[in-house]
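# Structure for the following, please:
(one chain, ligands or ions: 1)
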Amino acid sequence: MATGGDRRITAESGTNTHRKCSQSGHLVLRLNLNPGLVNAFLLLKTFSLRLSHRLIGPMPLSSAELAALRQDYAQRGLRRAELHPDPVHQFQKWLQEAAEQQILEPNAMVLATVDAAGQPWSRTVLLKVCDQRGFTFFTNYEGAKARHFAHEPRCALTFLWVALERQVQVIGRAEKASPEESDAYFQSRPVASRLGAWASQQSEVLENRDVLERRFAEAQARFGEENIPRPENWGGYRVVPEVIEFWQGRRSRLHDRFRYTRRAEGEWKIERLAP
Ligand SMILES: Cc1cc2nc3c(=O)[nH]c(=O)nc-3n(C[C@H](O)[C@H](O)[C@H](O)COP(=O)(O)O)c2cc1C
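Numbers count the residues shown, from 1 in each chain. You can find the predicted model right below:
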């Protein structure tokens, strides 16, 4: 039934489909809904939806559907009293809890860099070493992010553990890990990953996939499976933190946020931020 102003259209079952004006002046629409026809119609609609899904892919979410996606975060809060005075300890606690929850890639972090023109970029990398010195990941030293660091070492990291309703943001500066650290991590990687580092000129345009696979086969023929050295253009970057923020989702968007800022003496100042 739909109402609009003083007119009303009503679907009612009856022997024939016809319109009549009710005593109150409402327009009444009588529909004869044959159950067999209705079922056939629904079946046809399902079939055509499946067909169009196959032919043109899934329908994009409408703006209304997107607007209706809403999650109230209610798992837990974060109190100042439970924070470790050292944000790296606090981070390691949260990372361990994310790993215990069997979250896929709990060490994935989005790294934001800035190019020479001031354009921010971001991509995901994996945290491989976390200690008092900072957050270390490994990559190609000639790709886009490496070019950005050569010009501007300031960068940012974001960890999102949405299953725990948690986010951690890090702001700091990137510095290269030592060759010894990069060697040690490189040699701990599986053979295919080590060969892959030789095969990929990261961020360069590839004509097609065959080129990449041919380079991989060449590296395989050159090094075999053992004694694969680390390419000179591959190694670690450590993001030395200056600010670390912990975010815990709460009900009604009244989230808990705590920001640690490094003081000159090496101590950390802790402040609660408005959500
Ligand atoms: C889950 C995940 C983990 C990734 N980990 C790394 C990584 O540890 N190191 C890396 O160089 N690229 C990693 N990548 C690929 C990067 O996102 C990116 O494509 C690549 O580093 C090239 O970035 P650039 O062209 O901005 O330098 C990862 C991607 C995903 C989705």
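
# how does the protein divide into domains?
2-68, 82-273 (automatic domain parsing).

# winner for burial among those?
domain 82-273 (a mean of 16; mean count of other CB atoms under 10 Å). In this view, the C-beta of every residue, glycine as well, is placed from N, C-alpha and C.

# quick one: it near the ligand?
Yes - using CB under 6 Å from any ligand atom, we find that domain 82-273 touches the ligand at 105, 108, 121, 123-126, 137-139, 143-145, 202-203.

# Show me which of the residues you listed is closest to residue 186.
Closest to residue 186 out of those is residue 138 (7.5 Å), distances taken as CB to CB.

# So the closest one versus residue 220, what's the distance?
Distance, residue 138 to residue 220, by CB to CB, to the nearest Å: 21 Å.

# Export the longest strand along the chain to PDB, keeping only CA atoms.
In the chain, assigned by DSSP state E, the strand with the most residues is strand 234-248. Output in PDB follows, covering the C-alpha atoms of strand 234-248 (Å, rounded to 0.1, in the frame of the first residue of the first chain):
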ATOM      1  CA  TRP A 234      66.500  -4.900  -1.900                       C
ATOM      2  CA  GLY A 235      66.400  -4.300   1.900                       C
ATOM      3  CA  GLY A 236      64.700  -2.900   4.900                       C
ATOM      4  CA  TYR A 237      63.300   0.500   5.900                       C
ATOM      5  CA  ARG A 238      62.700   1.300   9.500                       C
ATOM      6  CA  VAL A 239      60.100   3.800  10.400                       C
ATOM      7  CA  VAL A 240      61.300   5.600  13.500                       C
ATOM      8  CA  PRO A 241      58.200   6.800  15.300                       C
ATOM      9  CA  GLU A 242      57.600  10.300  16.600                       C
ATOM     10  CA  VAL A 243      53.800   9.900  17.200                       C
ATOM     11  CA  ILE A 244      51.800   6.700  17.800                       C
ATOM     12  CA  GLU A 245      48.100   6.800  18.200                       C
ATOM     13  CA  PHE A 246      45.900   4.000  19.500                       C
ATOM     14  CA  TRP A 247      42.200   3.900  18.500                       C
ATOM     15  CA  GLN A 248      39.600   1.700  20.100                       C
END
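
# Name every strand pairing with the following helix or strand past that strand and say which way it goes.
Per DSSP states H and E, the first helix or strand lying C-terminal to strand 234-248 is strand 256-262. Partners of strand 256-262 in the sheet, by DSSP bridges, are strand 234-248 (antiparallel), strand 268-273 (antiparallel).

# Tabulate those strands in CSV, adding columns for mean pLDDT.
Formatted as CSV, these follow (pLDDT from 0 to 100):
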stretch, mean pLDDT
strand 234-248, 98
strand 268-273, 98
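
# right, and the ones you listed - which one's nearest residue 216?
The nearest among the strands paired with strand 256-262, by CB to CB, is strand 234-248 at 14.6 Å.
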